[in-house]
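*Asks:* any chance you could fold what I've pasted below:
(one chain, ligands or ions: 1)
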Amino acid sequence: MIVTVVPNPALDKTIVLPHFSLGRIHRAGEVIIQAGGKGFNVARALHTLGAQGLVIGPVGGYAGKHLLALAREEGLQVDMEEVAAELRTCLTVVDPAADYCLTEIYEQGAPLTRAEWDAVVRRVTSALTQAAFLVISGSFPPGVPEDALLMLLRQARAASVPVFLDTHGAQLPAALAYHPALLKVNQFEAGELLGYPLADSLQALEGAAELQRRGVREVVISLGKAGVVGCTAEGQRFGWTAPAVPALSSTGSGDCLLGGIAAGLMRGQGLIQSARLGVAAGAANTLQIGAGRLYLSDIERLLPVVKAISLGG
Ligand SMILES: O=P(O)(O)OC[C@@]1(O)O[C@H](CO)[C@@H](O)[C@@H]1O
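*Replies:* Model (predicted):
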């Protein structure tokens, strides 16, 4: 089983709004509401690919009850800690009249108490006994201890469960010393972590190798429409192009990439083939409006057209 921690879940609301512009009243067309927070998109990709997953995180208020109902309707297995604060909303406006331009407004989330975070960590700790991997995905809400991420990493280390990390923020540099099995970040997050920008695939590859030197076992850096590059634990460098598709919305594609990688690793494929599956899952996600919505048939159709990036030399 793959346990995914969603430290800061959300109700994801996607509004389809042609001719969206600032300073006007709009009457929205289609509205899609989903269980959100990056880890839910990871869980959806795992579910689509037939991997068993469990999502753990804090959830509160009326919106929290709504999230739980939505997650269960989708068949996602959850073990959420009920907290006092109302769940946040992450809003995305998609404008089909402007080439499906996305405007995203993410609430930061209401603060958790220390006791609430400790209770989330206890749930994770007990689930680790059945976990093949622990995925930690997305932001942390305000109010959690400064070492909230490290608390999870310590529990995973004690249980000898490999960690796949896709988060951002102040705690990430210290997390590298815990030797996560996999770090999946986009090129901007990787640049932030390293302290210098990564402008192209070759620079991203060098960046991935440097992140390995800082403690991570394997690294995948996403380059958006250009695909991904990465380094395996054995020092093999690789890259996959993203297939050209008629994309409607990229929200959650990075999460589906991670879900695809985790599903591939769970099947016993190495990182290189797992990343290829991840790229196909990320591309499949762009074919639907909404976050982390993808079909197995699209992943299977796209997988053969994910091609290796020529890395020169
Ligand atoms: O604030 P975070 O946790 O970093 O991002 C959360 C989130 O906005 O990102 C996803 C897309 O990746 C949305 O589904 C989700 O609600």
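
*Asks:* from here on, just use CA atoms for contacts and neighbour counts.
*Replies:* OK.

*Asks:* can you confirm Gly239 is in a strand?
*Replies:* Yes - the secondary structure assignment for Gly239 places it in a strand, going by DSSP: H, G, I helix; E, B strand; the rest coil.

*Asks:* and for it, the neighbour number?
*Replies:* By other CA atoms under 10 Å, the residues close to Gly239 number 26.

*Asks:* next, work out how far apart it and the ligand are.
*Replies:* Taking CA to the nearest ligand atom, to the nearest Å as the criterion, Gly239 is separated from the ligand by 22 Å.

*Asks:* show me the shaky parts of this structure.
*Replies:* Flagging of the chain using pLDDT under 70 yields the residue ranges 312-313.

*Asks:* residues from it in reach of the ligand?
*Replies:* When proximity is defined as CA under 6 Å from any ligand atom, the chain approaches the ligand at 8, 10, 12, 36-38, 90, 106, 138-139, 251-252, 255, 291.

*Asks:* grab the nearest non-local neighbour of Asp147.
*Replies:* Counting by CA to CA, 6 or more residues apart in numbering, Gln171 is the residue found nearest to Asp147 once chain neighbours are left out, at 6.9 Å.

*Asks:* then Leu294?
*Replies:* Using CA to CA, 6+ apart, the closest residue to Leu294 is Asn285 (4.7 Å).

*Asks:* thought the one you found was touching Arg293?
*Replies:* Yes - between Asn285 and Arg293 there is a contact at 5.5 Å, judged by CA atoms under 8 Å.

*Asks:* more neighbours: which of the two?
*Replies:* Regarding Asn285 and Arg293, a neighbour count based on other CA under 10 Å identifies Asn285 as having more, with 31 against 23.

*Asks:* for that one, phi and psi?
*Replies:* phi -60, psi -30 (degrees, to the nearest 10).

*Asks:* next, count neighbours for Thr14.
*Replies:* Residues near Thr14, counting by other CA under 10 Å, number 23.

*Asks:* actually Pro142, sorry about that
*Replies:* By other CA under 10 Å, 14 other residues sit near Pro142.

*Asks:* center of the chain, which residue is that?
*Replies:* The residue lying closest to the centre of the chain (CA atoms, centre = their mean) is Asp255, at 3.0 Å.

*Asks:* so which strand or helix has that one?
*Replies:* Remark: Asp255 resides in helix 253-266, with elements defined by DSSP states H and E.

*Asks:* so what touches that helix?
*Replies:* With CA atoms under 8 Å, 6 or more residues apart in numbering as the test, helix 253-266 has contacts from 2, 38-39, 41-46, 49-51, 132, 184, 186, 222, 270-271, 273-283, 285-286, 291-292.

*Asks:* from these, which land in strands?
*Replies:* Restricting these to those inside strands, with DSSP state E as the criterion, leaves 2, 184, 186, 222.

*Asks:* name the nearest residue to the first one, ignoring sequence neighbours.
*Replies:* This means Ile2. In this structure, Ile2 finds its nearest non-sequential neighbour in Gly53, 4.7 Å apart by CA to CA, 6+ apart.
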